[in-house]
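*Asks:* the sequence and its predicted three-dimensional model are supplied below.
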Amino acid sequence: MVENRPFLAFLTHLVLILGVVIVVFPVYLAFIASTHGPGDFMRGLVPLLPGPHMIENYSFMLNEGISSAGAPPLSIMLLNSLVMAILIAVGKIIISILSAYAIVFFKFPFRLLAFWIIFITLMLPVEVRIIPTFKVVSDLGMLNSYPGLIIPLIASATATFLFRQFFLTVPDELMEAARVDGAGPMKFFRDILLPLSRTNIAALFVILFIYGWVQYLWPLLVTTDSRYYTVVMGIKRLAATADSEPQWNFVMAAVMLAMLPPVLVVILMQRLFVKGLVETEK
Amino acid sequence: QTEIAWWHAMDAELGKKLEEIAQGFNDSQTEYKIVPTYKGTYPETLTAAIAAFRANEQPAIVQVFEVGTGTMMAAKGAVYPVYQLMADNGEPWDPSGFLAPVTGYYSDTDGNILSMPFNSSTPIMYYNKDVFEKAGLDPNTPPKTWAELETMSRTIMESGAASCGFTSGWITWVQTENLSAIHDQPYGTLENGFGGLGTEFTFNGPVQVKHWDNLKKWADDGLFQYGGPGGGADAPPKFYAQECAIYMNSSASRAGVIANAKDFEVGFAPLPYYDDVTTDPKNSIIGGATLWTLNGKDPAVYKGVAQFYTYLSQPEVQAAWHQATGYLPITNAAYELGQSQDYYGQNPGSDIAIQQITRGTPTANSKGVRFGNLTQARAVVDEEFEAMLAGSKTAQEALDTAVERGNQILRDFEAANQ
Amino acid sequence: MQAKRTIFPNKVLPYVLLVPQLAVTLIFFIWPALQAVKSSFEREDPFGFKTTFVWFENYRRLFGEASYLGSLGKTAVFAISVTALSMCLSLLLAVAVNRVLRTNRLYTTLLVWPYAVAPVVVGILWWFMFNPTIGIAPYMLRAIGVSWNHRVDGVDAMVLVIIAASWKQISYNFLFFVAGLQSVPQSLIEAAAIDGAGPFKRFWTIVFPLLSPTTFFLLIVNINYAMFDTFGIIDATTQGGPAQATNILVYKVYSDGFLGLNIGSSSAQSVVLMLIVIALTAIQFRFVERRVQY
Amino acid sequence: MASIDISGVKKVYAGGVTAIHSLDLAIPDGELVVLVGPSGCGKSTLLRMIAGLEAITEGTISIGGAVVNAKEPAERDIAMVFQNYALYPHMTVRGNLEYGLKNRGTPRDEIDRRVTEAARILEIEPFLERRPRQLSGGQRQRVAMGRAIVRQPKAFLFDEPLSNLDAKLRGQMRIEIKRLQRSLATTSVYVTHDQLEAMTLADRLVVMNAGRIEQVGAPISLYERPATLFVAGFIGSPPMNLIELAYLQSKGTLELPANTDLVGIRPDTIHLTPPQGPHIALDATVELYEPIGGESHLHMRLEGSGQLIVAAVPARTAATEGATVKLYVGNADLHPFNKETGRRTD
Amino acid sequence: MASIDISGVKKVYAGGVTAIHSLDLAIPDGELVVLVGPSGCGKSTLLRMIAGLEAITEGTISIGGAVVNAKEPAERDIAMVFQNYALYPHMTVRGNLEYGLKNRGTPRDEIDRRVTEAARILEIEPFLERRPRQLSGGQRQRVAMGRAIVRQPKAFLFDEPLSNLDAKLRGQMRIEIKRLQRSLATTSVYVTHDQLEAMTLADRLVVMNAGRIEQVGAPISLYERPATLFVAGFIGSPPMNLIELAYLQSKGTLELPANTDLVGIRPDTIHLTPPQGPHIALDATVELYEPIGGESHLHMRLEGSGQLIVAAVPARTAATEGATVKLYVGNADLHPFNKETGRRTD
Ligand SMILES: Nc1ncnc2c1ncn2[C@@H]1O[C@H](COP(=O)(O)OP(=O)(O)OP(=O)(O)O)[C@@H](O)[C@H]1O
Ligand SMILES: Nc1ncnc2c1ncn2[C@@H]1O[C@H](COP(=O)(O)OP(=O)(O)OP(=O)(O)O)[C@@H](O)[C@H]1O
Ligand SMILES: O=P(O)(O)OC[C@H](O)CO
Ligand SMILES: [Mg+2]
Ligand SMILES: [Mg+2]
C-alpha cells in the first residue's frame, strides 16, 4: 500500500527492538553469569560483561555436576531429558494419529464418548491430579524408570486434535478415490494418509519435543534416583541451594545448557515450530 | 553388594562432608554400599521420604530434622526404631554415650531412642570482625543482649561499615523456638509437646511478641534484613557479601561461613537474650537432624544399616564430622577426642554451640519442641512473620493467628493419628 | 461432531486404533481423577496408614479457610494480570512485525524462542535478576528510588511472578497474533484505506475487531496457562510466599498435598481446580469447534 | 463395460434429508449419460450411490446385470473422476495411475503397458515422473482421466470433472472427453452444471430437480421440446421467456391446447422481421442493447405488461435503446405450458 | 467525477517483475472503460495504481487533472469494488456503507440521506441491519456497490466484481451495474476476464497483454476489427479460426494486403450455403457436431491441411459426423494478419 510515514516506520522498529531487548536480556545475564567464577557474585551486583571462566564452568557442570546439591553431571541429565522428550513426542504422535484416524474416518458406537474421554485429558493438567497420578504410577512400579517418566504424559488431546483437524481438511475425495482404487482402511492409512501427514507430524514433533523437555513437576515426583533426573528438574535443585553457597556461575551454566536444545530446535525449525504450534492449538 | 539408599538434606559444604562419610564406610567394608542422595531442604526431604514410603520406594535411611520428629514418632508402622535395629542385628549400642540433650529429644516415653543421632546443632551467632572494627567497635566483644545488638547494629549502619546490622536463618527455629527456650517461655502445652498428642501452641506470649515487634521495627529501620522463609536462603549471602555484619544461624552454618567468608574475619558468639526478661539465659535447643530407618526393606539391608550406624558412632568419625561442619559432637567420646586434640583451643568459638546447649539445667521449656506436623506449623509461622514484616499485622496479631492456625494443624495431626 | 462424508465400514478396527490412547487416558487421567474425588472425602495420615471417610469436611474447611479464599483471589489477580500484560505486549510486537517487510523473519526469530524455555528455568532467570544481593533489577529500582523487597512485600512478589510468567508467554501470544494478523484479508485493509482511514484508525476499526477470534482464543489459553503452567515459575521464585501472597491455586494443591501432606484438603482443592479447568476448557472447546466467525 | 440399472432407488441421509426420491434410470452399455440440475438436486448423491460411496436407502443398482448394493466401491469395478481430481499429492503421476492397478494385484508388465498406453492417449508422458502440484489444472485433469482409464473399468463416473478449469481449457477438455468416451465406448455417467457440456457431451441428458428426474432424452430434443416448465427454464441461455397466455391472446388469437396458460418463447426464436408461416407479433421497448460479437442480446419491455424479455438477434441488428420495436415469433416456436402442473400441454 | 489520465506509467514490483511497461490511457469523464487480458497481464496492477494501493514506478496518473502519484488512497477520492467484496465482516451493512463517509467527517444527516438513497437504488433496504455473512453472494455484491456509490467519488474502480457469482446472477448484476453507471455517469475502470461482461459493459474496451495495451476501442469494433492476432484470438468465443494464407490461396485467388500471411475467420461467419457477394469455399470433414440449442458448433478438419476449425451454424443445421462438407466465407469476413508483426494488415 502506498504509505509515506517515516515516523511510523521508526516507531515500528523501536517497538521491535525494545521487545527483543526485553526477551533477550534475562538470558544474556544468565550467560554472563555462567562465564564468571564463584567469587564474582559476592560483590553486590551481577557482572554485566563476560568473564573468563566459561569453558571451565560448563565442562565442570557437564562432566561432574554438583552431587552434593542433588545434581549429577549435566551430561547424564541432558541425556535423560533428550530420551524423555523424544520418546514423549514419538509416543504421543503414534497414539494420537491412530486415535484421530479412528475418530475421523469411522463411525461407531461410543465414538462421541471416546472423543470426550480423550478430550478430557486436555482438561486435567498433571498439577491438579498430582497425588493420585503419582500413586497410580508407583502402584504400577514405574517410579524411577523411563516408562514412568514418559507413559503417563503420552496421552495427548492436543496431538489428537491436530490430527483430527488435519484429517478433516483432507479432501473427502482422496479417500473416496482410494476406495474406488481398491484400498482398505489400513492401506489407505499407510499409503495416503501417513505420507500426507508428514509435515504435520514433523511440526508436531517439534512442539511435543519441547513439551517433553520442559516437564518439571512430573520428573520431580517420579524420580528419586539421580540416574533418572532430567535437566530441568536438576537445575531447580541446584538453584535452590545457590544462595547459601553462591555458585550462580554453575547454576547459570546449567540453565544455559538446559535451554539450549529446545531453543535451538525452535530457532532452527522455526517454520515447523510455528506450524505445529498454531495448528495444534486451533 | 547390597545398596543402601540414604536420603539427606545436606547441601554444599555439608553435603561434601557427608559424602565423604558414606565413602568412608563403603571403603571400610565390601558387603554394603551406602548411596547418599540429596533430596532438597529438610522439609523437602521429609515429604519426599513420606511420599516414597507411600509408594513403597522409600530409602532405608532418611535424614529427618528435629522438627519432623513428632511426625516420625507417630508413624509407628513406618519406622524401624534404632534401638531395636541395633539389637536385632547384634550391633553394640550404648545410648548413654550420646549427649544428654540429644538422647532426651529423640527418645519415646519409655526412654528408647528411636532414631540414630547424626547431625545435631543449635543456633549461634556469627559476626564480621572486620566490620566491627571499621565501625569502631571492639571486634572481640560481640553483643550479649538484644539491646547491645541493637546499639551495635546502629553504630555499624551509621558508620557505613555495612548496610545492615544482622540477618538470620530459620526465623522459626532461631527467633521463635530458641528464643522461647532461652527465655524459659513455653512454646506449647504438655511440655512443648513431649507429653502427647493433645497439645496446643502457646508461643504468643509477651516475650515472643516483644521480640517479633522488635524484629519488625529493626527491619523497618534496616537494622535487620529478612532472609526468607524456612532456612532463610537469602541470609547467608548477605553475611558473606558483608552486607550484614551479624548472622544468626545453625552452628552447622560454620562450614559454609568459613568457606565463603574469605575476605574478612569471623567471630562466633552465643545467641543474644533480653536482659530485662532473664539474667540467666537457659540452654538453647537442639536442631539438625537424625537418621531414621524406614520399614519395608530386606533384612540384609538392615544388617548393613546397623553396621553403618556403628561406623557412624565411632568417635573419630563423629569428631571429624563435628569439626568440619559445626554440628555438635553428639557423643561424649567425640567431644573428648576434640578436647584431647586441642581442637577447641586452636579454633576459638568452635565450642560455643556445645556450651550454649549445655548451659544451666534444662527446664520443661528448654528441652526442645516436639509436635506432630511441626513442619506445616512452621510454614504457618513463617507466613505470619512475613505478614507482620509486610505491615499487614502487628506482632501480636501475627503470633495469635500463627497459634490459632498451628493448633488447627495439631488437631488435624491428632485426628489422623488416633 | 464432524466426520468424513464417507467412512470405512469396519466395525472392530476403530476400537483397536483407539485402545492405546484410551488405555493411557483411563489409567493415568481418568482413574487418578476419580481417586482425587474419593480422597477429597477422606482424611488420611501422612504415611497412609489410616483413612477416615469425612464427607464434605475437607470442602467445608477449605471454603472456611481465609488462606484458600485468599489463594483464589491471588490466582485471579495473577491470571488476569499475566494475560493482560503478555497479550498487550505481544499484540504490540505482532502489529509491529506485521508492518516491517524485510526484517520480519529476523525479529520473529528473536522473539519466539522463550517458548522453549521451561517455566522453572524462567523462574530461575527472573529470580536471578531480582536476587536481593546481586540482582540487577533491585539495583536499578533502588537507583530510581523504588524500594523493592519481594521477600517481604507481597505486592512486589506478585509483580515479580507476573513479570516472569508474562515474559514466558510473550512468544506464544506473539505467534498467534501474527497468524491472526496475517489472516486479516489485505483487501479489507485496502478497502478501509480507500474509505479514508489512516493506519491507527484502520487498526482500531478494522484489524482489531477482526482479530477478536484470536484474542478470545488467547484469552482462554492465557488464563489456562497462568493458572496451571506457571507452577514451575512460582516454585522457582517465591514458592507461594511471602505470607502466601503468590500462592496460586495450583501451587497450593501441590504444597498442601505434597509438602504439607494434607491429602484430603489437597484432593478437595484438586477437585475444585478440575471443575475450573472443565469450565475453561468447555468454553475453549465450544470455541474451537465453532470459532467466532464473521 | 456394462449397463447400469437404477431401479426404485431412494436416498435418505442420516440427518433425514431425502436426497433422491425413488428414481429409475437404465443406462445401456456404452452410453454416456449426463446428469444436470440445480445445486442440491441430488446429482452427486446418485453418482456416489452408483460408485458405492454412499449407502442405498431403498431400491437396487445393478452394474452389468448384477446387483451391487452390498458391494464395496473397490468390488464394483468402476472408475470415478472427481471435481477436484483427488490426485494423491505425494505420488508421482505414474504412481497415481498405478495405484489402483497395484491394489488389484495386476502384474507389473501389464501395469506398465496400460500406464504407457493411457499416458500416450492423454499426452501426459512428459509428466509421468512429476507430482500433481507441479502440473497445471488441465494437466491434472488429464491425469485424473488417466487414472480412470488405466483401470479399464465397467463404467466411468464423472462428478463435474471440468468445473475447476477456465473456460478455454474446459472447451478443449470437453471435446477430448467426448472423443475418448466414443473410442473406449465405456458406459459413463457424467454430472455437470455447465449447459454447454451437458448439451454437447450427452448421448442422453437427464434433468434432475429436487431428487427426481424431470426429463430424459437427447439434449437437443430437451432444448426443443422441454417437457416441463422446469426444464424449459433450466436448459438454454439466455433462458426461455415465459409469457402469460392471456397477454398473448390480447394480441391476437392463438390455437394452443386447452389447459395452456403460460407460453414459452426462446430468445433466438424472436425475430425483428416477420417470419414465413403463421406467427404472432408483439410490441416492446428496447431497454438495453448488448452486442456480444456473433450475436446481440436485446433486453426489452413488453408493451402493456411491462414484462422484461430477451431476444437473441443477429450481430449487426440495428436497434436503439429506448426505441419501440415489433417482435415476431413463429407459432411453431411457442411452447405451451400449464402453470399448475408445470407440464407442457401439447 | 473526473477524467483519469495515465501517462507513461510503469510498474516494477519489488521482486523485479515488470508488471506494466510504460502505459498511456486517457479516460474521459463519465466513461466506463473495461480492462481485459489474460491472467497476469497487469490489469489489477494498473487498477491498484490508480487507487493508490500500489506505488507507481514511473510516469504519472492524474485524476481530475491533478497528479495523484504521491497521494494516499484516502486522498484520491475514488471508490473500489473488490472481487471478494471486502465488506467489513464485523459491521452491519449500514456500518459498511457509512464507514467511508464517517471517516471523511460527513455530517450525520447527510450520511443517513446518502445511505438511504443508495440502499433504495440497490434494493438492499431490508438487509441494512444484517452482517455481511448473513447475505447471499448477490446481496453482498450489492452492498459492495453501495459502499462505492454512497461515497459519490470521482471514479469507480472495479476488480472482477462479479466473478464470485454464479452465471445467472452474474448476468443480472451485469445489467444492473450498466444501468447504474449510466445513471450516475461516474468515470469507471472495470477489470474482468469474462467476455460477455467486457463486451456488454464497456464504453471502451482495453485489451492488455503482458503489461501493454494491445488495442483500445468500442467492444464491437474490437470484435469486428481486431488490430492484432492477440486481440483476434482473445475476443470471441469460440475463438477466431486462423488459417495460413498459403492454404487459402491454394483454394482460389484472394485479394489481400501484400504482407498478409495468416487469415482469421470467425466461426459465425462460416456458412454451409454460399453467401451473396464474393466469397471463398473450403472443403472439410465434420469431426464433431455439437448442437447447443440456439446454434450448433461444427468441429471440422480442413481437407488437405488437416487443421481443426470451428463453425457456429444455425441450430437445426443437418450435419453428420464423418461427412464432408463445403464451407463458404464471405471475402469481407476475412481478417488478414501478418504473423511476424502480429498485426492486422488491412
Ligand atoms: N452427507 C450428507 N448428509 C446429509 N445431507 C446431504 C449429504 N450430502 C448431500 N446432502 C444433501 O442431499 C441433497 C443432494 O446433494 P447432492 O450433493 O447430491 O447435490 P448435487 O446435485 O450434487 O449438488 P451440486 O450441484 O451443488 O453438487 C442436498 O440437499 C444436500 O444438502
Ligand atoms: N505484489 C506483487 N509482487 C510481485 N509481483 C506481483 C505482485 N502482484 C502481482 N505481481 C505480478 O505482476 C504481474 C501482473 O499481476 P496482476 O495481478 O496485475 O495481473 P492481472 O492481470 O490482474 O491477473 P488476474 O487476471 O489473474 O487477476 C503478474 O506477473 C504478477 O505475478
Ligand atoms: O541447619 P541445621 O542442620 O542445623 O538444622 C536447622 C534446624 O534443624 C531447623 O529446624
Ligand atoms: Mg454435486
Ligand atoms: Mg487481477
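*Replies:* Looks like it arrived, so ask away. Residues are numbered from 1 along each chain as shown, chains lettered A, B, ... in the order given. Ligands and ions are numbered 1, 2, ... in the order given.

*Asks:* hey, which helix is longest across the chain?
*Replies:* By default, I'm working from chain A. Looking across chain A with DSSP state H, the single longest helix is helix A:74-105.

*Asks:* let's do chain B instead
*Replies:* helix B:395-416.

*Asks:* give me the contact list for that one.
*Replies:* B:70-71, B:74, B:197-204, B:208-210, B:212-213, B:215-216, B:371-373, B:376-377, B:380-381, B:383-385, B:387-388, B:393, C:43-46, C:50, C:52, C:262 (C-beta atoms under 8 Å, 6 or more residues apart in numbering or on different chains). Just so you know, the C-beta spots here come from the backbone N, C-alpha and C atoms, and that holds for glycine as well.

*Asks:* if we can go back for a sec, any buried residues in the longest helix of chain A, and which?
*Replies:* For helix A:74-105, a neighbour-count test (16 or more other C-beta atoms under 10 Å in any protein chain shown) marks A:74-78, A:80-93, A:95-105 as buried.

*Asks:* and for C:V155, the neighbour number?
*Replies:* The tally of other residues near C:V155 (other C-beta atoms under 10 Å in any protein chain shown) stands at 11.

*Asks:* not counting sequence-adjacent ones, nearest residue to it?
*Replies:* C:A245 (7.4 Å; C-beta to C-beta, 6 or more residues apart in numbering or on different chains).

*Asks:* per-residue pLDDT of that neighbour, please?
*Replies:* As predicted, C:A245 sits at a pLDDT of 89.

*Asks:* repeat that for A:M1.
*Replies:* pLDDT at A:M1 comes out at 58.

*Asks:* what do you get for D:T200?
*Replies:* 88.

*Asks:* go on, B:R411?
*Replies:* Looking at B:R411, its pLDDT reads 90.

*Asks:* same check on B:N204?
*Replies:* pLDDT, B:N204: 94.

*Asks:* tell me how many other residues crowd it.
*Replies:* Count around B:N204 with other C-beta under 10 Å applied: 20.

*Asks:* and it, how far from E:A66?
*Replies:* Using C-beta to C-beta, to the nearest Å, we find B:N204 at a distance of 87 Å from E:A66.

*Asks:* sorry, back to before: tell me which element the residue nearest to C:V155 falls in.
*Replies:* Take DSSP states H and E as the rule and C:A245 turns out to sit in neither a helix nor a strand.

*Asks:* who touches it in this structure?
*Replies:* Counting by C-beta under 8 Å, 6+ apart, C:A245 has contacts B:386, B:390, C:74, C:154-155, C:157-158, C:238.

*Asks:* could you redo the last one with a cut-off of 7 Å?
*Replies:* C:74, C:154, C:157-158 (C-beta atoms under 7 Å, 6 or more residues apart in numbering or on different chains).

*Asks:* centre of the chain versus the longest helix of chain B, how much separation?
*Replies:* Distance, stretch centre to chain centre, for helix B:395-416: 22 Å (C-alpha atoms, centre = their mean, to the nearest Å).

*Asks:* list the buried residues in it.
*Replies:* Result for helix B:395-416 [16+ other C-beta under 10 Å]: buried residues B:395-396, B:398-399, B:401-403, B:405-410, B:412-414, B:416.

*Asks:* format the contacts of C:A245 as JSON lines; extra columns: neighbour count.
*Replies:* Shown next, in JSON lines, are those (neighbours: other C-beta atoms under 10 Å in any protein chain shown):
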{"residue": "C:K74", "neighbour count": "23"}
{"residue": "C:G154", "neighbour count": "21"}
{"residue": "C:A157", "neighbour count": "25"}
{"residue": "C:M158", "neighbour count": "19"}
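
*Asks:* next, give me the two most distant ones among those residues.
*Replies:* Greatest spacing in the contacts of C:A245, by C-beta to C-beta: C:K74 and C:A157 (10.1 Å).

*Asks:* buried residues in the strand or helix carrying C:L72, which are they?
*Replies:* C:L72 is part of helix C:66-99 when elements are defined by DSSP H and E. Going by neighbour count (16+ other C-beta under 10 Å), the buried part of helix C:66-99 is C:67-68, C:71-72, C:74-75, C:78-79, C:81-83, C:85-87, C:89-99.

*Asks:* flag every residue of the stretch 1-150 of chain C that's near ligand 1.
*Replies:* C:R5 (C-beta under 6 Å from any ligand atom).

*Asks:* for the stretch 1-150 of chain C, what spans make up the strands?
*Replies:* Here the stretch 1-150 of chain C has its strands, by DSSP state E, counting those that start in this stretch, at C:42-44, C:51-53.

*Asks:* winner for burial among those?
*Replies:* Per residue and on average, the most neighbours among the strands of the stretch 1-150 of chain C fall to strand C:42-44, with a mean of 19 (mean count of other C-beta atoms under 10 Å in any protein chain shown).

*Asks:* that strand and chain B, are they touching?
*Replies:* Yes. Applying C-beta under 7 Å from any C-beta of the partner chain, one finds strand C:42-44 in contact with chain B at C:43-44.

*Asks:* OK, contacts around the one residue sitting closest to the centre of chain C?
*Replies:* Computing the C-alpha centroid of chain C and ranking residues by C-alpha atoms, centre = their mean puts C:Y225 first, at 1.1 Å. Residues in contact with C:Y225 (C-beta under 7 Å, 6+ apart) are C:Q169.

*Asks:* secondary structure of it: a strand, I assume?
*Replies:* No. Assessed with DSSP: H, G, I helix; E, B strand; the rest coil, C:Y225 is helix; it does not lie in a strand.

*Asks:* C:T230 touches C:V120, doesn't it?
*Replies:* No. In this structure, C:T230 is not within contact of C:V120 by C-beta atoms under 7 Å, at 10.0 Å.

*Asks:* more neighbours: those two, which one.
*Replies:* Set side by side, C:T230 and C:V120 show more neighbours around C:T230, with 31 against 28, by other C-beta under 10 Å.

*Asks:* quick check: phi and psi on the more buried one?
*Replies:* phi -90, psi 10 (degrees, to the nearest 10).

*Asks:* that one - nearest residue in space that isn't next to it in sequence?
*Replies:* Closest residue in space to C:T230, ignoring its immediate chain neighbours: C:A165 at 4.7 Å, by C-beta to C-beta, 6+ apart.

*Asks:* name the helix or strand for the one you found, please.
*Replies:* helix C:154-182.

*Asks:* ok, D:T106 next?
*Replies:* With DSSP H and E as the test, D:T106 turns up in no helix or strand.

*Asks:* what is the neighbour count of the closest residue to it other than its chain neighbours?
*Replies:* Nearest residue to D:T106 in three dimensions, chain neighbours excluded: D:R114, at 7.7 Å (C-beta to C-beta, 6+ apart). When neighbours are defined as other C-beta under 10 Å, D:R114 has 19 of them.

*Asks:* gap between D:R114 and B:A402?
*Replies:* On the measure of C-beta to C-beta, D:R114 and B:A402 end up 89 Å apart.
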